[in-house]
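J.: no sequence for this one, just the structure:
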């Protein structure tokens, strides 16, 4: 499967995995996709190549997570702030997304085999319509799978997600589904953002320290 | 955890902890010896005479006592340090993740922030200890102002911007807020409840709510800009609920502890902030 690299672990990887699994393991890991452009500069390749190789490394990382029994993974792929980049770069990233989501839809048997539920979180109307359609198809096709969960954050910022959650609650009040005197709890926000389990670990895939 | 895998995990964990302790010990040793390297790392301050002065002052600051070296160093040097940086944060958050906070050390950090010209400072710990003992912290800050800045402390006066105690002093140059977890997620929840109440009363519709409106509904940091920099003290790799809405673009620098922190460590963090490249998503 293109999003999760095929193939078993090497002997050394299996040995390390067995040691790591003996200790406490996070149930949910988040990855921040950062550093693709710096990597491209370091290797003297085009930025687009950097982004593509970043995706390949993500696929390998998702394989490791599957082998380690980590059931939920969140990937921060594209922030609303990233729309500020050059048109060429944004178009290149959208093309990459188009390619990867299309490929995902061709691998439905594998998604079923691994029981992967795909969720895409973000302000999706900001994306090109054809990508929205591909995302919708992927999410609908996998909505009943529950062995593991892959959350892809695409066109997100924390403030947009929090505001969307409040707007949904307000809609619930308008529709008479919620009463304002019912205590709104912080738990409601995580449910509105589509998370099953809070993060155990957040990993930033880059050299920088923030 | 059982069996050979468990034993191997424990061994690996112990080895990693030992290596980490060794690294910290080596760094502390190098920092103690390499005064020249520290002065070089502050090359932004440049002229050599000032670098030498800084080295002497740093040695003085390491000695805890009434003189502390600061009064001798001169108030102008503090401001000069701040002005010499390529960029100075407007609002610094001091986040303590350790279980036992020190009022004296936190007061030193606050006073140093004020002295180098940082306009807004917020103090936070996840147990709300500083907030509950606000008065004690303020007393310590006023005492350290006197001690570190000498007699002319009115020029560096601090306005305590918490709701329960406001003490405005003439020529206020810095503002301080003492925060706790209730100013983080709980403030967002309260804003959500208030908005839903307005919707129930048909004063608003759900589509009225956007990022700007929710920003205006939050009350924990009224009058303060978003933090540019968070100095996080302690071993926990988390900001433990410090202003989650406000720190979307904040640079976060981790320091091992706030206990017995030196001006050199504090300024080194500011220097690190000044040197960092912030692309804001671009």
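T.: Right, received. Where do you want to start? Keep in mind that this is a model prediction, so the values were computed, not measured. Numbers count the residues shown, from 1 in each chain, chains lettered A, B, ... in the order given.
J.: my read is that residue A:20 contacts residue A:70, right?
T.: No: contact criterion C-beta atoms under 8 Å: residue A:20 and residue A:70 do not qualify, at 10.5 Å. From N, CA and C alone the C-beta is placed, and that goes for glycine too.
J.: confidence score at the closest residue to chain A within the stretch 1-150 of chain B?
T.: The minimum distance from the stretch 1-150 of chain B to chain A, using C-beta to the nearest C-beta, falls at residue B:5 (3.6 Å). Note for residue B:5: predicted pLDDT of 75.
J.: where does it fall, secondary structure wise?
T.: For residue B:5, the host element (DSSP states H and E) is helix B:3-33.
J.: and that helix, what does it pack against?
T.: helix A:11-21 (3 or more C-beta pairs under 8 Å, 6 or more residues apart in numbering or on different chains; DSSP states H and E).
J.: state the mean pLDDT of the helix it packs on.
T.: Averaged across helix A:11-21, the pLDDT comes to 89.
J.: quick one: is the next helix or strand after it near chain B?
T.: Using DSSP H and E, the helix or strand that directly follows helix A:11-21 along the chain is strand A:28-33. No: against chain B, strand A:28-33 shows no contacts by C-beta under 8 Å from any C-beta of the partner chain, the least distance being 12.4 Å.
J.: packing partners for strand A:28-33?
T.: helix A:47-67, strand A:72-79, strand A:201-205.
J.: which residues does the most centrally placed residue in chain A contact?
T.: Centre of chain A computed as the mean C-alpha position; nearest residue by C-alpha atoms, centre = their mean is residue A:152, 2.2 Å away. By C-beta atoms under 8 Å, 6 or more residues apart in numbering or on different chains, residue A:152 lies in contact with A:74, A:75, A:77, A:118, A:119, A:120, A:121.
J.: of the residues you listed, which is the nearest to residue A:145?
T.: Of all the contacts of residue A:152, the one with the least separation from residue A:145 (C-beta to C-beta) is residue A:118, at 8.4 Å.
J.: lowest-confidence helix or strand of chain A?
T.: Least confident helix or strand of chain A, by mean pLDDT, DSSP states H and E, is helix A:186-192 with a mean of 58.
J.: follow-up on the earlier one: now the contacts of residue A:152 in JSON lines, with distance to chain B, neighbour count and pLDDT?
T.: Below are the contacts of residue A:152 laid out as JSON lines (distance: C-beta to the nearest C-beta, whole Å; neighbours: other C-beta atoms under 10 Å in any protein chain shown; pLDDT from 0 to 100):
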{"residue": "A:74", "distance to chain B": "16", "neighbour count": "23", "pLDDT": "94"}
{"residue": "A:75", "distance to chain B": "17", "neighbour count": "21", "pLDDT": "93"}
{"residue": "A:77", "distance to chain B": "13", "neighbour count": "24", "pLDDT": "92"}
{"residue": "A:118", "distance to chain B": "25", "neighbour count": "21", "pLDDT": "93"}
{"residue": "A:119", "distance to chain B": "21", "neighbour count": "20", "pLDDT": "94"}
{"residue": "A:120", "distance to chain B": "19", "neighbour count": "24", "pLDDT": "95"}
{"residue": "A:121", "distance to chain B": "16", "neighbour count": "18", "pLDDT": "93"}
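J.: how does chain B divide into domains?
T.: Annotated domains of chain B cover B:87-181+B:223-275, B:185-219 [the TED database].
J.: ok, which of these comes nearest residue B:25?
T.: Evaluated over the domains of chain B, closeness to residue B:25 peaks at domain B:87-181+B:223-275, with 11.5 Å, by C-beta to C-beta.
J.: just to revisit the earlier point, quick check, the residue nearest to the centre of chain A in a helix?
T.: No: read with DSSP: H, G, I helix; E, B strand; the rest coil, residue A:152 is strand and lies in no helix.
J.: can you get me a residue count around whatever residue of chain A ends up closest to chain B?
T.: Residue nearest to chain B within chain A: residue A:81 (2.5 Å; C-beta to the nearest C-beta). Residues near residue A:81, counting by other C-beta atoms under 10 Å in any protein chain shown, number 15.
J.: so it touches residue A:157, yeah?
T.: Yes: contact criterion C-beta under 8 Å: residue A:81 and residue A:157 qualify, at 6.3 Å.
J.: report pLDDT for residue B:141.
T.: 91.
J.: pLDDT below threshold where in the stretch 151-282 of chain B?
T.: Low-confidence segments of the stretch 151-282 of chain B (pLDDT under 70): B:151-172.
J.: so which bits of it are right by chain A?
T.: Residues of the stretch 151-282 of chain B lying close to chain A by C-beta under 8 Å from any C-beta are B:185-186, B:188-189, B:191-193, B:195-197, B:199-200, B:204-207, B:209-211, B:213-215, B:244-245, B:248, B:251-253, B:276, B:280-282.
J.: what about those, which are in helices?
T.: Using DSSP state H, the subset of these located in helices is B:185-186, B:188-189, B:191-193, B:195-197, B:199-200, B:211, B:213-215.
J.: are any of the residues you listed buried, and if so which?
T.: The neighbour count (16 or more other C-beta atoms under 10 Å in any protein chain shown) marks B:185, B:188, B:189, B:191, B:192, B:193, B:195, B:196, B:199, B:200, B:214 as buried among these.
J.: and those, which two are the farthest apart?
T.: Spatial extent of those (C-beta to C-beta) is set by the pair B:185 and B:200 at 22.4 Å.
J.: for the nearest residue to residue A:41 once chain neighbours are set aside, list the residues it contacts.
T.: Nearest residue to residue A:41 in three dimensions, chain neighbours excluded: residue A:50, at 7.8 Å (C-beta to C-beta, 6 or more residues apart in numbering or on different chains). By C-beta under 8 Å, 6+ apart, residue A:50 lies in contact with A:36, A:37, A:38, A:39, A:40, A:41, A:43.
J.: one more time with 6 Å, if that's ok
T.: Applying C-beta atoms under 6 Å, 6 or more residues apart in numbering or on different chains to residue A:50 gives the contacts A:36, A:37, A:39, A:40.
J.: number of nearby residues for the second one?
T.: Read that as residue A:37. 18.
J.: tell me who's in contact with whatever residue of chain B ends up closest to chain A.
T.: In chain B, the residue that lies nearest chain A is residue B:281 (2.5 Å; C-beta to the nearest C-beta). Contacts for residue B:281 were tallied using C-beta under 6 Å, 6+ apart; they are A:79, A:81, A:82, A:84.
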